[in-house]
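Trainee: Any chance you could fold what I've pasted below:
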Amino acid sequence: MHRGKVRPRGVHRRTTAPATLVAVLTGALVLGGVPASADEPGSGEGTADSTAPVQQGGPVAPPPSVPQPLTGLGPNGSGQGGAAFVPVPADPDVVPDPPVNEDLPLEVDEKAPFAQQISCDPVDRPGVTAFALLVSEHYGRPTTFGARPCIDYASFHHDGRALDWPLAAWVSEDRMIADAVLVWLTENDAEMAKRLGLEYMIWNGLIYYVDGRGWQFYTGNPHTDHIHFSFSWDGALMRTSWWTGVAVTEPDLGPCDVTPWSYAALHQFPRVAECDTSTLVPVPATGLPRVRPGETGGGVAMLQDVLGVEQTGVLDDATRSALVAWQEEHKLPATGVADDLTYAAAQGWELGELPTSAFAVAPEEWQETEFTALRRTMLTEGDEGEAVAVLQATIGAEPDGSFGPKTAKALREWETTVPELAVQMERRGDGPAVVTPLTWVFLERAAYPTIAVRDVELSIGSLDQVADPEGALVAETLAEGKVDSPYAGGAVTLLQELLGVEADGSFGPKTEDAVKAVQEAAELEPTGVVDGPTWVAVEEAGLEAGRVPGAPGAEASRASAAKKAEQEAQAAEKKAAEERAALVDAARLKAEKKAAQVRAAQKAEAAEAERRAREASLASAG
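Mentor: Predicted structure coming up:
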């Protein structure tokens, strides 16, 4: 069974105090507005003043072992020694109550070990964008910055897992908002930080680590003009309970660090198994410079010739997309970087077989949908093509492949039902309708409600915490010396809702029987164990039965299909009635004909009898 952390008993899921988050590194990419100052070594961001929080040294848990990445790039700041975070009082006229999510499970998400930035992928991850829209709108500070180009130090901004939110420690209102947000995120053992998938936060000379180290003094850029948020891979990919309603029980560990002095393969699908680091990748020395996205270098033109793209000498977006596809095709780690392995393969060098851990996680069939290839696709009103047709089919617009006014209208109507997308739409103003990577995530999850939890395996005996109000199971687990929670994170309840059985959070015989019935109907082996393919089958059954709404297009399709089925049933009934009436008429006509024939026969027989009687009478008279 998948394991998740037990929610502290007696803690109500609705929080009202302000908040804090987790931090260790630095970085940036623009989500909107003007960029915050860079978090590079030695770069100042204002000076601390008398409003800085009181900081007291004290006991602190020993930091987890975080080895230096094989990339050779380390962060430019870190936490040192325990510190006390003392927030300023919040004026309710300035700071609203924190965001509330009523759909959270009792369980709190399991957090993965600290995962340093080792891939170069400066594209905002959906969980970062969604969090940015959530807090910036809620607190009325709309400017945020996310991913930024990779340079020679480690930063979560460089793999799309970081956010900078401009707030100034020396401005009273900003200070109140920042402190309140951090209180909200860090209270109750950083419950909300875990539910949103935060790794650490840096603010006003302090850093908060979600892994249990808590508040420490920060040795790098003091971050007095913005809060820095770094995300775990689960948070970055929106796999946490704030977004799914199911707590993470097997955390995503991120890419494997097995290629010395090189970036790791791009990370798209969760890796829950430990990396095999026993074999490192032998990296050849080609003498050509490593070139990252947006950079120039001597080997790029040669690669562009091999890739068949325009030879600009710049590793631009078109070159990077073609490069990733070429690396995958030639069984190289798909880093999106012009590195020694890529140069060597392009020149025909023999590289031998590389270890599996050097490659990105390959998705299972049940982890992919028609949206998988579109997750980084941007669409703007006026575009045409297959991606537009997928959009249209999902939102219930005519799937003609042309992103016109009718499609834009249908998109806007759907966006208003998703708070983060409603904010995204509002900030577009009167501009053309746009589909962003975050839009695709929400569209996919509307069309496939279990897509984010299909890796959760359940079987008879699986239990959500809601089904164990006295905590008997966790007490038993702790008595056995185990540290992981025995609960399923809310996945059992979701399963039961889709199956249409009592949603009590306890996977018992009735739930197992319902699972087996779905498996048999889907021509799967009826094991009663819920795995990826079974989640797909359960989802399809739930959508068909209307237990979950699905995407607008699917709803419209089902409504249309239901109406058509009703019309066909009415037509069939009418036809059957007409056929029954025709049969009755035919039987009546047949009976009438037979009766007429009987009467005719009787009349003929009577006439014949009369004739014979006359003949007999004449014979007698003669």
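
Trainee: In space, what's closest to Q496 - neighbours in sequence excluded?
Mentor: A503 (4.1 Å; CB to CB, 6 or more residues apart in numbering). Any C-beta I mention is one placed from the backbone N, CA and C, and that applies to glycine too.

Trainee: Provide the secondary structure category for the one you found.
Mentor: coil (DSSP: H, G, I helix; E, B strand; the rest coil).

Trainee: That one: neighbour count?
Mentor: 18 (other CB atoms under 10 Å).

Trainee: Which pLDDT value belongs to it?
Mentor: Predicted confidence (pLDDT) at A503: the value is 95.

Trainee: Over to it: give its phi and psi.
Mentor: phi -90, psi 80 (degrees, to the nearest 10).

Trainee: tell me the contacts of it?
Mentor: T493, Q496, E497 (CB atoms under 8 Å, 6 or more residues apart in numbering).

Trainee: any chance of those in a markdown table, plus pLDDT and neighbour count?
Mentor: As requested, the contacts of A503 are exported to a markdown table (pLDDT from 0 to 100; neighbours: other CB atoms under 10 Å):
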| residue | pLDDT | neighbour count |
| --- | --- | --- |
| T493 | 96 | 22 |
| Q496 | 97 | 23 |
| E497 | 96 | 16 |
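
Trainee: Please narrow these to those residing in helices.
Mentor: T493, Q496, E497 (DSSP state H).

Trainee: Show me the domain layout of this protein.
Mentor: 29-63+72-244, 300-362, 370-447, 465-544 (automatic domain parsing).

Trainee: Contact partners for V210?
Mentor: V210 neighbours (CB under 8 Å, 6+ apart): L21, V22, K111, A190, A193, K194, L198, E199, Y200, S232.

Trainee: most packed of the domains of the chain?
Mentor: Highest mean neighbour count among these (mean count of other CB atoms under 10 Å): domain 29-63+72-244, with a mean of 21.

Trainee: So for that domain, mean pLDDT?
Mentor: 86.

Trainee: Could you do stretch 512-522 as well?
Mentor: 97.

Trainee: Take it, keep the C-alpha atoms, and write them as CSV.
Mentor: Provided in CSV are the C-alpha atoms of stretch 512-522 (Å, rounded to 0.1, in the frame of the first residue of the first chain):
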residue,chain,number,x,y,z
GLU,A,512,-13.4,-5.2,-4.0
ASP,A,513,-16.4,-6.8,-5.6
ALA,A,514,-17.2,-3.5,-7.4
VAL,A,515,-13.6,-3.3,-8.6
LYS,A,516,-13.7,-6.8,-9.9
ALA,A,517,-16.9,-6.1,-11.8
VAL,A,518,-15.3,-3.1,-13.5
GLN,A,519,-12.2,-5.1,-14.3
GLU,A,520,-14.3,-7.9,-15.9
ALA,A,521,-16.3,-5.4,-17.9
ALA,A,522,-13.1,-3.9,-19.2
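
Trainee: max-length helix in the protein?
Mentor: helix 552-621.

Trainee: That one packs against which elements?
Mentor: helix 386-395, helix 405-415, helix 437-447, helix 532-544 (3 or more CB pairs under 8 Å, 6 or more residues apart in numbering; DSSP states H and E).

Trainee: what's the spacing between A345 and G299?
Mentor: 12 Å (CB to CB, to the nearest Å).

Trainee: Put together JSON lines for the helices and strands packed on helix 552-621, with mean pLDDT and distance to A180 on each row.
Mentor: Shown next, in JSON lines, are the helices and strands packed on helix 552-621 (pLDDT from 0 to 100; distance: least, CB to CB, whole Å):
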{"stretch": "helix 386-395", "mean pLDDT": "96", "distance to A180": "37"}
{"stretch": "helix 405-415", "mean pLDDT": "96", "distance to A180": "28"}
{"stretch": "helix 437-447", "mean pLDDT": "96", "distance to A180": "25"}
{"stretch": "helix 532-544", "mean pLDDT": "96", "distance to A180": "38"}
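
Trainee: Of those helices, which is nearest A273?
Mentor: helix 532-544 (15.4 Å; CB to CB).

Trainee: Next, the angle from the closest one to helix 437-447.
Mentor: Between the axes of helix 532-544 and helix 437-447, defined by axes from the mean of the first three to the mean of the last three CA atoms, to 10 degrees, the angle is 80 degrees.

Trainee: Distance from helix 532-544 to the middle of the chain?
Mentor: Helix 532-544 sits 17 Å away from the centroid of its parent chain (CA atoms, centre = their mean, to the nearest Å).

Trainee: now what about it, what contacts it?
Mentor: 364, 366-367, 448-450, 453-456, 495, 497-500, 515, 518-519, 521-522, 524, 530, 548, 550, 554, 558.

Trainee: how close does the residue nearest to V246 when sequence neighbours are not counted sit to Q465?
Mentor: Among residues not flanking V246 along the chain, G490 sits closest, at 4.5 Å (CB to CB, 6+ apart). Computed as CB to CB, the G490 to Q465 distance reads 8 Å.

Trainee: Find residues that contact each of these two.
Mentor: P105, L106, E107, G505.

Trainee: hmm, back to that, distance from the longest helix of the chain to the middle of the chain?
Mentor: 65 Å.

Trainee: hmm, back to that, quick check, nearest of the ones in helices among the contacts of A503 to A397?
Mentor: Once CB to CB is applied, the member of the ones in helices among the contacts of A503 that ends up nearest A397 is E497, at 28.7 Å.

Trainee: quick one: the closest one and T342, what's the gap?
Mentor: Distance from E497 to T342, by CB to CB: 47 Å.

Trainee: Also M176?
Mentor: Counting by CB to CB - M176 and T342 are separated by 50 Å.

Trainee: Could you verify my assumption that L494 touches R454?
Mentor: No: using CB atoms under 8 Å, L494 makes no contact with R454, being 11.1 Å away.

Trainee: you'd agree T296 is up against L315?
Mentor: Yes: with contact defined as CB under 8 Å, T296 and L315 form a contacting pair (7.4 Å).

Trainee: Out of the contacts of helix 532-544, which sit inside helices?
Mentor: L495, E497, L498, L499, V515, V518, Q519, A521, A554, R558.

Trainee: could you redo the residues you listed as TSV and give each row distance to H223?
Mentor: TSV is the format used below for the ones in helices among the contacts of helix 532-544 (distance: CB to CB, whole Å):
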residue	distance to H223
L495	43
E497	43
L498	44
L499	48
V515	49
V518	51
Q519	52
A521	55
A554	45
R558	50
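
Trainee: Which of those sits closest to F131?
Mentor: E497 (26.4 Å).

Trainee: tell me the contacts of the closest one?
Mentor: A503, G542, R547, V548.

Trainee: give me that answer again for 10 Å
Mentor: Contacts for E497 (CB atoms under 10 Å, 6 or more residues apart in numbering) come out as P449, A503, V538, G542, R547, V548.

Trainee: from these, which two are the most distant?
Mentor: P449 and A503 (14.4 Å).

Trainee: H267 is in contact with V123, isn't it?
Mentor: No: taking contacts as CB atoms under 10 Å, H267 lies outside contact range of V123: 11.4 Å.

Trainee: so what's in contact with those two at the same time?
Mentor: Joint contacts of H267 and V123 (CB under 10 Å, 6+ apart) are D159, G160.

Trainee: doesn't V183 make contact with P89?
Mentor: No: in this structure, P89 is not within contact of V183 by CB under 10 Å, at 11.1 Å.

Trainee: ok so I207 is a strand residue?
Mentor: Yes: counting by three-state DSSP, I207 is found in a strand.

Trainee: which stretch of helix or strand covers W165?
Mentor: With secondary structure defined by DSSP states H and E, W165 is part of strand 162-166.

Trainee: What of W243?
Mentor: Per DSSP H and E: helix 241-244 holds W243.

Trainee: Which residues does the very next helix or strand once past that helix contact?
Mentor: Next helix or strand after helix 241-244 toward the C-terminus (DSSP H and E): helix 300-307. Outside helix 300-307, the residues that touch it by CB under 10 Å, 6+ apart are 288-289, 291, 297, 309-316, 318-323, 325-326, 330, 338, 342-343, 345-347.
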